[in-house]
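J.: I'll drop the sequence and a predicted model, then ask my questions.
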Amino acid sequence: MNRAKVSAGAFYNPHLADEILGAASLVDHLAMADPPEKSDPHFSKIREQFTLLLHDFIGQLSDPVPRHSLQRARELADLYGSPWIAEHFQCVHTQDGRYNVDYVFPPLYTEEFLERYIENAVVLKQAVGRPLAIENIPRYFSVDLDEMTEGQFLRKFFETSGCSLILDISHAWLGAYYQGRSPQDYITDLPLEYVQELHIAGVAHYSDLEGPWIGPVEPTEEMLKLAAWTFERLPNCQAVTFDAFSTLLKPGMIPRTMERIRRELNLG
Amino acid sequence: MSSRNAQDVILRLLADGPYRRQVLSGKAAPEELKVASRIQVEGLQRFAVFLARHFYRERVVHLLKYSRALSSLTGRSPESVLKTPAFNALIPEVVLGSRATALQVAALLRDFLVNDCENIQQKLPYWKDLVQYETAFFVTDSPLEQGKDPAGPFPFVAPGIQILNLDWDLPSIFPSIMDAAARRTTQGSRKPTRLLMCRAAGGEVTVARCSDSVEKILRMLDGNTDPEKLQSVLGKDEAWIRQTLSSLFQIGVLEAPLLPHPAR
């Protein structure tokens, strides 16, 4: 892998726009979790200065994507000039639209879901006219309704769909933690040759969960070392992203974490 | 049951507290019970509690942004209500995103923000109006479970719209609340203000000033009143009526299932 060609970036957090604009030597790209607010005074500069990546606009690919959402995704990808677009392996609302957890939540790993994801991912990719990368999502509680492991599901999906994987290292760490496995063992089961982008984030303790979960915090040294260990095993990785998007993010966190990521992964 | 339908059962178990209680106590269709029997129940319960707090935190932070911006002056961050025993007690009844739960959370927010608030009211005389505005916005943001059948062949006011009669002209105060330097000194302008709040089909909440004429329109259009009568009652010209009705349709205040074109 040519590390000089790997882009390093973060998520665009509008309340930290000034700081992000001032960190151009550390940040090459920004993932856009929300469309820009009309009132955002910084967006035109952000767009000028950074490569922008459309992230998780559609929400779930387990069901057919409405035509107007495909159109909007295309418009946003064009606005950003997004070299690829990203979605999550999640299924967060019911088919009738009545119930929506509005939070990342993975599907059951079954043949039916596999077919659904492949079909809808291909439609999205063609509608937007850009490559599509999909991010792994951890499961907090066990559900004995899968027909295959997450790793098998992802491998079959990528072999057929022509999409690539965004491997979120903290999601993998959490998946391993709640299955009682080592993170390295868990990660090795994933189709690493399909990873286009590596996400790095921290995990926080939640009393409601009586344990760790996704949080808008800096990665620990352990998490960074796991990211570096994984990065060595990704022959096709093109980007590394600090995955934190929240109004809770404090000034200083993004530049500091970008420096740590660049140092640990030897990204220059 | 297909795995997509099984996923729906899991999602509903996470989102709908009363349904979760019913299923976990064994009162549900056999297929739903079969799905539930394959889930680690303690983990499901914990994750549902986590989701309830997360879901409403996201909305409180976004929709009560003015009272949140003022928290350094009031000592009351609206999202703190989500850590209170009162919210904990509500969690088993929470149905994420429902209008019923939004009303309950809004009541908790109102109590938390305005009870014993005399010292805040002295500093920020528009405080109670602001809380009324933001909690109404919070409720309007959630969809109504059921629409309303048209009462007749003409346009009618959509269910769930809110009209707020305030003592303070809040829209003119909002920019200074969001300005860290100005928020300490702004007293705002005391001026009777009527605002209309509604949610369009796409989910977008609109707030508009509501003039006496618009209020009359809303009182008149019950589905049985021909909009052509508005002109004589309001003393407005046809172009004004047409433009106003068109705007009210656009933001979701009016519905007209039987009419081919909103403004006719």
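T.: Alright, I've got the coordinates. Numbers count the residues shown, from 1 in each chain, chains lettered A, B, ... in the order given.

J.: can you map out the strands along chain B?
T.: Per DSSP state E, chain B has strands spanning B:156-157, B:162-168, B:190-199, B:205-209, B:254-255. These are given in chain order.

J.: please apply the same query to chain A.
T.: For chain A, applying DSSP E gives strands covering A:7-11, A:29-32, A:51-55, A:85-88, A:132-135, A:164-168, A:195-200, A:202-206, A:211-215, A:239-242.

J.: can I get those in TSV including distance to chain B and mean pLDDT?
T.: C-beta coordinates here come from the backbone N, C-alpha and C atoms, glycine included. Output for the strands of chain A, formatted as TSV (distance: least, CB to the nearest CB, whole Å; pLDDT from 0 to 100):
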stretch	distance to chain B	mean pLDDT
strand A:7-11	16	97
strand A:29-32	17	98
strand A:51-55	17	97
strand A:85-88	14	97
strand A:132-135	17	98
strand A:164-168	18	98
strand A:195-200	20	98
strand A:202-206	6	97
strand A:211-215	7	97
strand A:239-242	21	98
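
J.: just put those strands in TSV and tack on mean neighbour count.
T.: Formatted as TSV, the strands of chain A follow (neighbours: other CB atoms under 10 Å in any protein chain shown):
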stretch	mean neighbour count
strand A:7-11	23
strand A:29-32	24
strand A:51-55	24
strand A:85-88	25
strand A:132-135	23
strand A:164-168	26
strand A:195-200	25
strand A:202-206	17
strand A:211-215	17
strand A:239-242	26
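
J.: out of the strands of chain B, flag the one nearest residue A:115.
T.: strand B:190-199 (35.6 Å; CB to CB).

J.: elements contacting that closest one?
T.: Applying 3 or more CB pairs under 8 Å, 6 or more residues apart in numbering or on different chains; DSSP states H and E, one finds that strand B:190-199 contacts helix B:127-140, strand B:162-168, helix B:170-177, strand B:205-209, helix B:212-220.

J.: now do the buried residues in the fourth one.
T.: What that stands for is strand B:205-209. Within strand B:205-209, the residues that count as buried by 16 or more other CB atoms under 10 Å in any protein chain shown are B:205, B:206, B:207, B:208.

J.: do the second one as well
T.: The neighbour-count criterion (16+ other CB under 10 Å) identifies B:162, B:164, B:166, B:168 as the buried residues of strand B:162-168.

J.: swap in the third one?
T.: Of the residues in helix B:170-177, those buried by neighbour count under the rule 16+ other CB under 10 Å are B:170, B:173, B:174, B:177.

J.: what's the closest of the buried residues of strand B:162-168 to residue B:67?
T.: Looking at those and their distance to residue B:67, the nearest is residue B:168, at 13.8 Å (CB to CB).

J.: and the pLDDT at the closest residue to residue A:72 other than its chain neighbours?
T.: Distances taken as CB to CB, 6 or more residues apart in numbering or on different chains place residue A:57 nearest to residue A:72, at 7.3 Å, with adjacent residues excluded. As summarised for this prediction, residue A:57 has a pLDDT of 91.

J.: closest residue of the stretch 151-264 of chain B to chain A?
T.: The shortest separation between the stretch 151-264 of chain B and chain A is 9.5 Å, found at residue B:202 (distances taken as CB to the nearest CB).

J.: what about that residue, how many residues nearby?
T.: Residue B:202 has 7 neighbouring residues, counting by other CB atoms under 10 Å in any protein chain shown.

J.: for the residue in chain B that chain A sits nearest to, give me its contacts.
T.: Scanning chain B for the residue nearest chain A gives residue B:43, at 2.6 Å (criterion: CB to the nearest CB). Counting by CB atoms under 8 Å, 6 or more residues apart in numbering or on different chains, residue B:43 makes contact with A:140, A:141, A:142.

J.: from these, which is closest to chain B?
T.: Comparing the contacts of residue B:43 against chain B with CB to the nearest CB picks out residue A:141 as the nearest, at 2.6 Å.

J.: thought that closest one was touching residue B:44?
T.: Yes: the pair residue A:141 and residue B:44 qualifies as a contact (CB atoms under 8 Å) at a distance of 5.3 Å.

J.: separation between the spatially closest residue to residue A:74 that is not a sequence neighbour and residue B:124?
T.: Taking CB to CB, 6+ apart as the measure, residue A:74 lies nearest to residue A:128, with 4.9 Å between them; neighbours along the chain are not counted. Taking CB to CB, to the nearest Å as the measure, residue A:128 and residue B:124 are separated by 47 Å.

J.: with mean pLDDT added, can I get the helices and strands packed on strand B:190-199 in TSV?
T.: TSV is the format used below for the helices and strands packed on strand B:190-199 (pLDDT from 0 to 100):
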stretch	mean pLDDT
helix B:127-140	97
strand B:162-168	94
helix B:170-177	93
strand B:205-209	92
helix B:212-220	88
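
J.: so is stretch B:127-144 next to chain A?
T.: No: Stretch B:127-144 stays clear of chain A (CB under 8 Å from any CB of the partner chain), getting no nearer than 9.4 Å.
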